[in-house]
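K.L.:
no sequence for this one, just the structure:
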């Protein structure tokens, strides 16, 4: 039996503003990395937005193109954070920037579960403040989506390593 089958699933929710750019990229990368490490079944992964104006839409085409360049699929459709359901379902609530963290706190997210994605980037150990924000590429060019993908990929690798190490040390 694999490690993933023996251990209860860990819930991971990636959150950005509209759930069509940054959080679906992070979700897709994390799923891809977990599957490649043969631990995909160990995680319940989703993404959501602090706003609901894109609900039901697929990820922005530029996000999908950036992901496809790396063999990563973005499977989910946009949805808004649901405090009643999400606070009980997810162990980790991973925000893309400080603004999203603040909005999550305003709607009652458990502070101990909310973390910035880039805080898991090993190259940014000890960095604080706005330097940990993943910039919103929505109003920019395709290169902004490529940059977000690169940031999210490094951080998601660190996040997965952190979670797997935590499981082993329990």
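P.N.:
Right, received. Where do you want to start? The shown structure was predicted, so the numbers you read here are calculated from the model rather than taken from an experiment.

K.L.:
And the helices in this protein?
P.N.:
Taking DSSP state H to define them, one finds helices in the chain at 3-6, 22-36, 61-68, 83-89, 98-106, 142-168.

K.L.:
thought residue 29 was touching residue 153?
P.N.:
Yes - assessed by C-beta atoms under 8 Å, residue 29 is found in contact with residue 153 at 5.3 Å. C-beta coordinates here come from the backbone N, C-alpha and C atoms, glycine included.

K.L.:
ok, those two, which is more surrounded?
P.N.:
residue 29 (24 against 20; other C-beta atoms under 10 Å).

K.L.:
now the end-to-end length of stretch 116-125.
P.N.:
When the termini of stretch 116-125 are compared using C-alpha to C-alpha, to the nearest Å, they are 12 Å apart.

K.L.:
Ok, stretch 74-92 next?
P.N.:
This stretch, stretch 74-92, spans 19 Å end to end (C-alpha to C-alpha).

K.L.:
Can you give me the buried ones in that stretch?
P.N.:
74, 76, 78, 79, 80, 81, 86, 87, 90, 92 (16 or more other C-beta atoms under 10 Å).

K.L.:
For the last one, which non-adjacent residue is closest in space?
P.N.:
Once its chain neighbours are removed from consideration, residue 92 has its nearest residue in residue 12; the separation is 4.8 Å (C-beta to C-beta, 6 or more residues apart in numbering).

K.L.:
how many neighbours does residue 119 have?
P.N.:
With other C-beta under 10 Å as criterion, residue 119 counts 17.

K.L.:
avg pLDDT for stretch 77-90?
P.N.:
Mean per-residue pLDDT for stretch 77-90: 97.

K.L.:
who's in contact with that stretch?
P.N.:
11-13, 15, 18-20, 24, 44, 46, 48-52, 54-59, 93, 104, 107-110, 113 (C-beta atoms under 8 Å, 6 or more residues apart in numbering).

K.L.:
do stretch 129-149 as well
P.N.:
16-18, 20-22, 25-26, 29, 60, 62-63, 65-67, 69-70, 96-98, 116-119, 124, 151-152, 155.

K.L.:
how about a cut-off of 7 Å?
P.N.:
By C-beta atoms under 7 Å, 6 or more residues apart in numbering, the surrounding residues in contact with stretch 129-149 are 17, 21-22, 25, 60, 62-63, 65-67, 70, 96-98, 116-119, 124, 151-152.

K.L.:
mind checking the end-to-end distance for that stretch?
P.N.:
End-to-end distance (C-alpha to C-alpha), stretch 129-149: 20 Å.
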